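J.: mind folding the following:
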Amino acid sequence: MKAAFARYRLDFINPAGTSRGVLYKKDTYFLKICDEQCPERFGIGECALFKGLSAEDNDGYEDKLRELCHNISQGVDTDLSAHSSILFGLESAILDFSNGCRRVCYDNGFATGDYHIPINGLVWMGTKDEMIARIDEKVNAGFGVIKLKIGAIDFEQELAMIRHLRTRYTDKDLTIRLDANGGFTPDNVGERLKRLSEYAIHSIEQPIKPGQWEAMAKVCEESPIPVALDEELIGITNPMMMMSLLRSIRPHYIVLKPSLMGGFSGSTDWLKMAAQFNIGGWITSALESNVGLNALAQWVAMLQPRIPQGLGTGALYSNNIDSPLEQKEDYLWSNPEKTWHLPEFEWINVD
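T.: Numbering: from 1, shown residues only. Have a look, this model is predicted:
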């Protein structure tokens, strides 16, 4: 077997605001594996590094990719326990190769276009008026569940925006999820969650910064809004630590991003452990291109989700990879009448 990797820069159509800053571009990597006798047929996976968030975001990232490619050619295993996005890309590439190099990682109803995945609409941060306009766009597009990024602008403006939203859409018309990305503090989180709870909020992701287990446990115990862990899970791959986190904090939900949380294998472990504590959850993308999103959606389809997932990020980029993926109202599906058109990547081969 041979392997190679390529760099690719994704450009946002519109700036994407979060409590950690505004995103204009995102660098990602692609990994391909092939048989030396037939190099034109290859499996591909996306190593979706998330700068500023991934635990593996350091100067040694490309060195690890080179090590992996070299080891694949030598038939040697590579320790990827600290490189979640590379594991995600490797798992995807192997599965694609095993399924005939058709961009099919899991050959199920989603891959054939027979199963649609329910998704929420994602509304990025902006001014109050900008966010209200974006919410209206999502509702008019058919979304019954929206996720609002909060925690970056003035809280009173955010609260006024949600209050205004509820004057137009009741909780029967629209389900609201919030994602604070750690934007609150242990000192103000209680008061803010109490005020937000007046507006029938489904859940809030990561209200305070990760790494504060005792404070987060108190938030989960006392919050009038169900709390979901997100960034809290990143970088934790040891099974004992995973179990300890869930036992200590007892969140209502976990939100899994496989490219940040141990790939498909690690995310499956998180789901199994969470089930032991009756903790629910859902899957979201981590700003992958359509290559990563496709693999992720096929895996999610195997779980047969009953609630909307966070997979609606395929239309964020001006230079995304042409694929069969389509969003129809509040569903993601794969159109069997469309085909993949991969660009001419500049593959870096490793001897």
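J.: ok, residue 114 - contacts?
T.: Applying Cβ atoms under 8 Å, 6 or more residues apart in numbering to residue 114 gives no contacts. C-betas here are computed from N, CA, C, even on glycine.
J.: which element is it on?
T.: For residue 114, there is no enclosing helix or strand under DSSP states H and E.
J.: that one and residue 108, how far apart?
T.: Taking Cβ to Cβ, to the nearest Å as the criterion, residue 114 is separated from residue 108 by 9 Å.
J.: how about residue 134?
T.: 32 Å.
J.: closest to the centroid, which residue in the chain?
T.: Centroid-nearest residue in the chain: residue 285, 2.3 Å away (criterion: Cα atoms, centre = their mean).
J.: for the longest strand along the chain, buried residues please.
T.: What stands out as the longest strand in the chain, according to DSSP state E, is strand 2-18. Using 16 or more other Cβ atoms under 10 Å as the burial criterion, the residues of strand 2-18 that qualify are 2-8, 10, 12, 16-18.
J.: re the thing from before, mind checking pLDDT for the residue nearest to the centre of the chain?
T.: Per-residue confidence for residue 285 comes out at a pLDDT of 94.
J.: for it, give its distance to residue 240.
T.: Distance, residue 285 to residue 240, by Cβ to Cβ: 28 Å.
J.: can you give me the strands in the stretch 101-250 of the chain?
T.: Using DSSP state E, counting those that start in this stretch, the strands assigned to the stretch 101-250 of the chain run over residues 117-118, 121-123, 145-149, 175-179, 201-205, 227-229.
J.: want to try a markdown table for the ones you listed, with mean neighbour count as columns?
T.: Rendered in a markdown table, the data for those read as follows (neighbours: other Cβ atoms under 10 Å):
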| stretch | mean neighbour count |
| --- | --- |
| strand 117-118 | 21 |
| strand 121-123 | 24 |
| strand 145-149 | 24 |
| strand 175-179 | 23 |
| strand 201-205 | 23 |
| strand 227-229 | 26 |
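J.: let me have those in a markdown table, adding distance to residue 262 and mean pLDDT as columns.
T.: As requested, the strands of the stretch 101-250 of the chain are arranged in a markdown table below (distance: least, Cβ to Cβ, whole Å; pLDDT from 0 to 100):
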| stretch | distance to residue 262 | mean pLDDT |
| --- | --- | --- |
| strand 117-118 | 21 | 96 |
| strand 121-123 | 23 | 90 |
| strand 145-149 | 23 | 93 |
| strand 175-179 | 21 | 96 |
| strand 201-205 | 19 | 98 |
| strand 227-229 | 14 | 98 |
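J.: tabulate those strands (CSV), appending distance to residue 55.
T.: Converted to CSV, those look like this (distance: least, Cβ to Cβ, whole Å):
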stretch, distance to residue 55
strand 117-118, 27
strand 121-123, 23
strand 145-149, 21
strand 175-179, 19
strand 201-205, 18
strand 227-229, 15
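J.: quick one, which of these gets closest to residue 221.
T.: Shortest distance between residue 221 and the strands of the stretch 101-250 of the chain, using Cβ to Cβ, is found for strand 227-229: 9.3 Å.
J.: what's the domain layout of this protein?
T.: Per the record's domain assignment (automatic domain parsing), the chain is made up of the domains 2-103+342-349, 109-334.
J.: endpoints of the last one, how far apart?
T.: By that I understand domain 109-334. Distance between the two ends of domain 109-334: 9 Å, counting by Cα to Cα, to the nearest Å.
J.: and the shortest one, by the same measure?
T.: Its first and final residues considered, domain 2-103+342-349 spans 9 Å by Cα to Cα.
J.: residue 98: which of the buried residues of strand 2-18 is nearest?
T.: Ranked by distance to residue 98 (Cβ to Cβ), these are led by residue 3 at 14.6 Å.
J.: if we can go back for a sec, mind checking which of the strands of the stretch 101-250 of the chain is nearest residue 303?
T.: Ranking the strands of the stretch 101-250 of the chain by distance to residue 303, with Cβ to Cβ as the measure, places strand 117-118 first at 9.6 Å.
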